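Sequence isn't available, so here's the structure alone:
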């Protein structure tokens, strides 16, 4: 059974794809989005949405169980643009017949890190500790390999969403 976890955002959409047998085995997908420098922001938003729709339609399956963190509102206009775009894209996927269960950020943090105010670093540490076999992005600093936090944070959130989704909304296996 294919399990997909998504931490959606207009600029940094975290996604993990896994197989559920006796345990969730995670592989990562990374959405590399291009960004139009110096052009109108609305054209950049349109291009990003187009990239997301294309990527998701290619990588999602209607047979998969998909868990997505539902975004919350924002206190600034740019954040609300992302919120509206992501909510609309999730609604589109639902209307197309994708099996999506939504979760709140609070639910995800409580069922993984254990508290609702968990930091990004805590979420990354939780995900890497619980799914060490996943292809986490590393960087060499001072001669040592370390998790590349800026690249891993959205992937870690996607893994936490899939993990929490399986706990709260286990798929029907038969």
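Structure's in. What do you need? Bear in mind the structure is a predicted one, so any value in this text is a computation, not a measurement.

can you give me the helices for this protein?
41-59, 77-95, 105-112, 120-130, 149-168 (DSSP state H).

Buried by neighbour count: which residues of the third one qualify?
The neighbour-count check on helix 105-112 (16 or more other C-beta atoms under 10 Å) flags 105, 107-109, 111-112 as buried. From N, CA and C alone the C-beta is placed, and that goes for glycine too.

circling back to that earlier point, comparing the helices of the chain, which comes out most buried?
helix 149-168 (a mean of 23; mean count of other C-beta atoms under 10 Å).

follow-up on the earlier one: pick out the shakiest of the helices of the chain, pLDDT-wise.
Among those, helix 41-59 carries the lowest mean pLDDT, at a mean of 85.

Tell me who's in contact with the closest residue to residue 73 other than its chain neighbours.
Distances taken as C-beta to C-beta, 6 or more residues apart in numbering place residue 83 nearest to residue 73, at 5.7 Å, with adjacent residues excluded. By C-beta atoms under 8 Å, 6 or more residues apart in numbering, the residues touching residue 83 are 71-74.

Select only the buried ones of those residues in PyMOL?
Buried residues within those, by 16+ other C-beta under 10 Å, are selected in PyMOL with:
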select buried, resi 71
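
Quick one: mark the members of the contacts of residue 83 that sit in strands.
Nothing among the contacts of residue 83 maps onto strands, per DSSP state E.

can you list the contacts of residue 83 in CSV and add distance to residue 52 and pLDDT?
Below are the contacts of residue 83 laid out as CSV (distance: C-beta to C-beta, whole Å; pLDDT from 0 to 100):
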residue, distance to residue 52, pLDDT
71, 13, 86
72, 19, 81
73, 20, 73
74, 18, 75
